[in-house]
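Trainee: sequence? don't have it. structure:
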């Protein structure tokens, strides 16, 4: 029994002596110090990354909305250091059911067939004819109340649309057409824009025109929206503290979110889905086919009443022959 206890005592003594030797060994001490420094650096980097992630999350967010109530709520916190940016098509205004191309698959198919048969310039002419004849409506009449609020509180606001610029078919200057179109609905950005001068960005010109700012409306001519907006901000040396941007295309929102992050501007993105939730327009496929044939052959874009006036005499003639 005594021998067993002595053996265990020697084993413990051996372990303690070895630990002491390790602790006082300069190489071991250096190793521990090196490991400690490395671990400390890693922990600090993780903490910094987490902090930046939290900050970026606080600076930027994109939410999906199907009505304008969330925008109204956000605008209550807006001030003169805020820039409110509106997309135009399917956010502020849209064609009525009788004229919209994008909201019915059969119309989209007929238009795509026309595009396949014609050059880009010819397609522009045909599209210009349809655009000049189309009737438009507000996506949501509540937008007028929102603009009254922006005017009352003088909150800087602009429009940002991908629309082409310059001559477009039978429309001499499509940028003027767009500004007038908005004014017809009492939507006027001229008094709200923080950038008062009219700008043309010749450096970003492409086949669809020259990106420009006119009466508070930025038309990008299909150039990336963030790219054109960045040019406008730099050129004017205007940098808001917060951007509120409403658009029906998520890709545009993400593009501007990246720009805001780059410029360290707080960003609220609103993905507006009101139009996509609307019922598909009811159409008559036979009449639509005739309508597109007349557009292509006679360069006329007829409304339904004009189509009925063409179809009715033919029906009457056939009916008389049967009698």
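Mentor: The structure has been received and is ready for your questions. Keep in mind it's a predicted model, so treat the numbers as computed, not measured.
Trainee: low-confidence ranges in this structure?
Mentor: Low-confidence segments of the chain (pLDDT under 70): 1-60, 313-323.
Trainee: what do you get if the cut-off is 50, keeping everything else the same?
Mentor: Scanning the chain with the threshold set as pLDDT under 50 gives 2, 29, 43, 47-58, 315-320, 322-323.
Trainee: Which residue, other than its chain neighbours, is closest to the residue most central in space within it?
Mentor: The residue lying closest to the centre of the chain (Cα atoms, centre = their mean) is residue 252, at 2.9 Å. Spatial nearest neighbour of residue 252, chain neighbours left out: residue 225 (5.1 Å); criterion: Cβ to Cβ, 6 or more residues apart in numbering. Where C-beta positions appear, they are placed from N, C-alpha and C, glycine not excepted.
Trainee: number of nearby residues for the one you found?
Mentor: Applying other Cβ atoms under 10 Å, we find 25 residues neighbouring residue 225.
Trainee: Surely the residue nearest to the centre of the chain is in contact with residue 88?
Mentor: No: contact criterion Cβ atoms under 8 Å: residue 252 and residue 88 do not qualify, at 11.7 Å.
Trainee: how close does residue 245 get to residue 186?
Mentor: Counting by Cβ to Cβ, to the nearest Å, the gap from residue 245 to residue 186 is 22 Å.
Trainee: Which one's more surrounded, those two?
Mentor: Between residue 245 and residue 186, counted using other Cβ under 10 Å, residue 245 has the larger neighbour count: 26 against 11.
Trainee: Surely that one and residue 268 touch.
Mentor: Yes: the pair residue 245 / residue 268 is scored as a contact, 7.3 Å apart, by Cβ under 8 Å.
Trainee: quick one on the thing from earlier: contacting residues for the residue nearest to residue 252?
Mentor: 160, 162, 247, 252, 255-256 (Cβ atoms under 8 Å, 6 or more residues apart in numbering).
Trainee: at 7 Å instead, please
Mentor: 160, 162, 252, 255-256 (Cβ atoms under 7 Å, 6 or more residues apart in numbering).
Trainee: do residue 158 as well
Mentor: 85, 189, 193, 216, 218.
Trainee: Each with direction, which strands does whichever helix or strand it is part of pair with?
Mentor: Element membership for residue 158 (DSSP states H and E) is strand 157-161. According to DSSP bridges, strand 157-161 has the following sheet partners: strand 82-86 (parallel), strand 217-219 (parallel).
Trainee: Of the ones you listed, which is nearest residue 131?
Mentor: strand 217-219 (13.9 Å; Cβ to Cβ).
Trainee: Would you mind identifying the next helix or strand past that closest one?
Mentor: With DSSP H and E, the next secondary element past strand 217-219 is helix 225-236.
Trainee: The very next helix or strand once past that next one packs against which elements?
Mentor: As assigned by DSSP H and E, the chain's next helix or strand after helix 225-236 is strand 242-247. For strand 242-247, the packing partners by 3 or more Cβ pairs under 7 Å, 6 or more residues apart in numbering; DSSP states H and E come out as strand 82-86, helix 250-263, strand 266-272.
Trainee: any chance of these in TSV, plus distance to residue 62?
Mentor: Shown next, in TSV, are those (distance: least, Cβ to Cβ, whole Å):
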stretch	distance to residue 62
strand 82-86	13
helix 250-263	5
strand 266-272	4
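Trainee: out of those, which comes closest to residue 176?
Mentor: Checking the helices and strands packed on strand 242-247 against residue 176 by Cβ to Cβ gives strand 82-86 as the closest, at 18.7 Å.
Trainee: what residues does the next helix or strand after that closest one touch?
Mentor: Following strand 82-86 in sequence order, the next helix or strand is strand 93-95 (DSSP H and E). Outside strand 93-95, the residues that touch it by Cβ under 7 Å, 6+ apart are 100, 134, 136-139, 181, 185, 275.
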